[in-house]
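# Sequence plus the predicted model coming up.
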Amino acid sequence: MKEKFAGWNILFLLYLKRDWKKIIVWVAGLGLFSAAYVPAFEEIAKGQGLIGMYETLQNPAMTAMVGPTPVETAEAYTLGAMYSHEMLLFCGIFAMVLSVLHVVGHTRKEENLGLTEIIRSFQIGRQANSLATMMEVVFINLLLALLISGVMISFGVDTISVEGSLLFGASIGMAGMIGAGIALVMAQIMPASSGATGSALGIIGLLYIIRAGTDVSNVDLSMVNPLGWTYLTYPFTENNGMLLIYALVFSLVMVVIAFALEGARDMGAGYLPERGGRERAKKSLLSVHGLFIKLNKGVMISWLIAFVLMGAAYGSIYGDMQTFIESNEIVQQMFANSEASIEESFTGTIMVVMTALVSILPIVIVNKLFAEESRSHLSQLYATRVTRSRFYWTSISLSIFAGVAGIVLAAGSLGGTAIAAMEDTTTMGMMDFLAAGFNFLPSVLFFTGLAALALGWAPKLGKMVYVYLAYSFLLNYFGGIADLPEWLLNTAIQSWIPRIPLEDFDLLIFVIITAASIAMMVIGHFGYNRRDLVEGA
């Protein structure tokens with residue numbers, strides 16, 4: 001047994017030395033994001049702010065997004081309870097995603113690149129790399145938990161106790177460990193690093209969607225969801241630290257399973273091997289568009305299925321909305337004096353979330369062209385008469401198609417499920433849902449244009465588009481909760497777009513953002529035609 005992990009401590013120290021810059025950015029970035037909003041929430045809580053936020057967050061739409069709270073009355077809703085309620089779930093998910101990317105990148109990706117074979121040529125155990133990577137993730141998430149707890153304690157707020165702060169930080173750190181365990185298992189099962197990353201992130205997304213439904217319908221069911229063991233700890237209220245033990249056991253079980261799977265497989269192989277190719281290639285592969293469809297088919301199908309499931313999950317919540325209104329007198333008064341129904345309010349809010357997720361797929365497809373370029377997979381094609389313009393516009397066209405298809409499936413699935421759930425009480429039709437979705441098409445095109453601009457002029461910055469997408473989404477998310485200044489909100493592209501059916505469609509904004517997006521694609525085309533190819537990077 002010791003031979004399998006021989007030398008892991010040496011690799012662990014080497015990884016810390018190699019990744020120290022990444023670790024600082026990871027811990028400081030996520031740690032400060034998770035803990036440093038306490039002063040902003042203090043401003044929100046002034047006056048009747050806590051009571052207003054409590055009633056707002058009882059809306060099934062908000063419960064589906066941020067999770068439930070154990071507080072039963074607005075008078076008992078403290079600043080600490082509000083902070084944990086609104087921040088813990090999303091921060092935990094971010095920790096999970098970062099851990100997934102780190103674990104797959106340091107295990108299966110390095111194995112595919114041949115780096116693991118070089119390491120094993122020394123006196124290093126065949127599973128030492130995986131153990132060293134997991135120990136590094138443990139170290140990073142421990143630092144993250146300590147930083148979050150320390151920052152929250154430093155504010156000295158009465159209702160943000162030391163015990164609750166430690167639990168809040170530990171919950172986020174443990175979420176990272178759950179993500180790491182899932183990633184290590186998928187790194188053994190899938191045939192390539194891209195499949196391992198996609199499947200691990202897909203599992204996290206599925207856990208989030210499942211908990212959205214159970215949090216609204218029956219929160220006890222969320223207790224069997226691994227994701228629920230992080231945000232249902234309820235820091236500053238119930239302080240249910242026992243759930244972290246469940247999360248720890250789950251993570252350990254995942255690691256043991258991963259080590260067993262790794263020990264029984266050949267290096268470079270997976271338990272789901274890649275399918276053997278056809279004896280004769282399809283004629284469609286003789287064309288650039290056929291080749292690009294083939295390269296992106298797997299990720300497109302996976303994401304489009306996810307959009308359907310996401311829309312169906314959120315659509316199922318509509319059936320509980322009328323019950324929520326009838327059980328809450330304050331909300332009855334709020335919607336009695338409002339021109340918008342609760343279904344319309346939910347649709348306007350949730351469509352921002354769904355179109356933000358839809359925007360990821362076009363960015364992935366645009367960045368795929370640079371990934372194939374940097375790996376020298378297209379070298380032979382570049383030597384033919386096929387122009388760079390053909391490669392570029394084929395990739396952009398496929399991205400736009402994926403974005404439009406994503407909106408249709410997400411909005412259509414949301415509408416179909418919502419109408420079925422509400423039965424005769426619905427005030428919205430299918431066209432209302434589709435209109436609400438396509439209203440955000442300029443936003444999807446804008447992110448596609450940014451990715452195209454980066455591809456043409458600075459391809460190594462293509463991943464920064466994801467950063468701006470996350471930034472834009474978070475501003476819109478907090479914009480509905482915190483009193484953020486208008487100039488700050490306007491730095492997010494979605495903030496310019498009115499939310500149908502709550503607001504009227506703005507043709508001018510629609511045209512301007514669409515035109516700006518097309519302009520970025522054209523400018524990116526000029527850069528792609530002129531820059532040097534990045535091969536073998």
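Received, thanks.

# next helix or strand past the lowest-mean-pLDDT helix or strand in the chain?
When the helices and strands of the chain are compared on mean pLDDT, DSSP states H and E, helix 329-336 comes out lowest with a mean of 50. Next along the chain after helix 329-336, taking DSSP states H and E as the criterion, comes helix 342-358.

# Which elements pack onto the helix or strand where residue 40 lies?
Using DSSP H and E, residue 40 maps to helix 38-45. Applying 3 or more C-beta pairs under 8 Å, 6 or more residues apart in numbering; DSSP states H and E, one finds that helix 38-45 contacts helix 49-57, helix 79-106. The way it works is simple: take the backbone N, C-alpha and C, and place the C-beta from them, glycine included.

# Could you export those helices as TSV, including mean pLDDT, mean neighbour count and distance to residue 447?
Listed next are the helices and strands packed on helix 38-45 as TSV, based on pLDDT from 0 to 100; neighbours: other C-beta atoms under 10 Å; distance: least, C-beta to C-beta, whole Å:
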stretch	mean pLDDT	mean neighbour count	distance to residue 447
helix 49-57	73	18	29
helix 79-106	91	24	18
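
# In a markdown table, list those helices along with distance to residue 164.
Compiled in a markdown table, the helices and strands packed on helix 38-45 are given as follows (distance: least, C-beta to C-beta, whole Å):
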| stretch | distance to residue 164 |
| --- | --- |
| helix 49-57 | 16 |
| helix 79-106 | 6 |
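
# Of all these, which one is nearest residue 415?
Distance to residue 415, taken as C-beta to C-beta, is lowest for helix 49-57 among these, at 24.4 Å.

# Just the C-alphas of the closest one, formatted as PDB.
Extracted in PDB, the C-alpha atoms of helix 49-57 (Å, rounded to 0.1, in the frame of the first residue of the first chain):
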ATOM      1  CA  GLY A  49     -34.400  46.400   6.000                       C
ATOM      2  CA  LEU A  50     -34.200  43.000   7.800                       C
ATOM      3  CA  ILE A  51     -38.000  42.600   7.900                       C
ATOM      4  CA  GLY A  52     -38.200  43.500   4.200                       C
ATOM      5  CA  MET A  53     -35.400  41.200   3.200                       C
ATOM      6  CA  TYR A  54     -37.000  38.300   5.200                       C
ATOM      7  CA  GLU A  55     -40.300  38.700   3.400                       C
ATOM      8  CA  THR A  56     -38.600  39.000   0.000                       C
ATOM      9  CA  LEU A  57     -36.500  35.900   0.500                       C
END
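
# mean confidence for stretch 349-369?
Mean per-residue pLDDT for stretch 349-369: 89.

# So what would you say the end-to-end distance of that stretch is?
Length of stretch 349-369, first residue to last, C-alpha to C-alpha, to the nearest Å: 33 Å.

# got it, and stretch 156-170?
End to end - C-alpha to C-alpha - stretch 156-170 spans 19 Å.

# Let's test this: mean pLDDT of that stretch, rounded?
Mean predicted confidence for stretch 156-170 is 93.

# Go ahead and report the secondary structure state at the nearest residue to residue 293 once chain neighbours are set aside.
The spatially closest residue to residue 293, leaving aside those adjacent along the chain, is residue 398, at 6.9 Å (C-beta to C-beta, 6 or more residues apart in numbering). When classified by DSSP: H, G, I helix; E, B strand; the rest coil, residue 398 comes out as helix.

# Next, work out how far apart residue 398 and residue 186 are.
26 Å (C-beta to C-beta, to the nearest Å).

# So between the two, which is more surrounded?
residue 186 (28 against 21; other C-beta atoms under 10 Å).

# Okay, and that one sits in which element?
helix 162-189.

# and the angle from the next helix or strand after that helix to helix 342-358?
Downstream of helix 162-189, the first helix or strand assigned by DSSP H and E is helix 193-217. In terms of direction (axes from the mean of the first three to the mean of the last three C-alpha atoms, to 10 degrees), helix 193-217 departs from helix 342-358 by 170 degrees.

# tell me what helix 193-217 is packed against?
Using 3+ C-beta pairs under 8 Å, 6+ apart, helix 193-217 sits against helix 60-66, helix 79-106, helix 108-112, helix 162-189, helix 288-315.

# Now do the buried residues in the fourth one.
Okay, so that is helix 162-189. 164-189 (16 or more other C-beta atoms under 10 Å).
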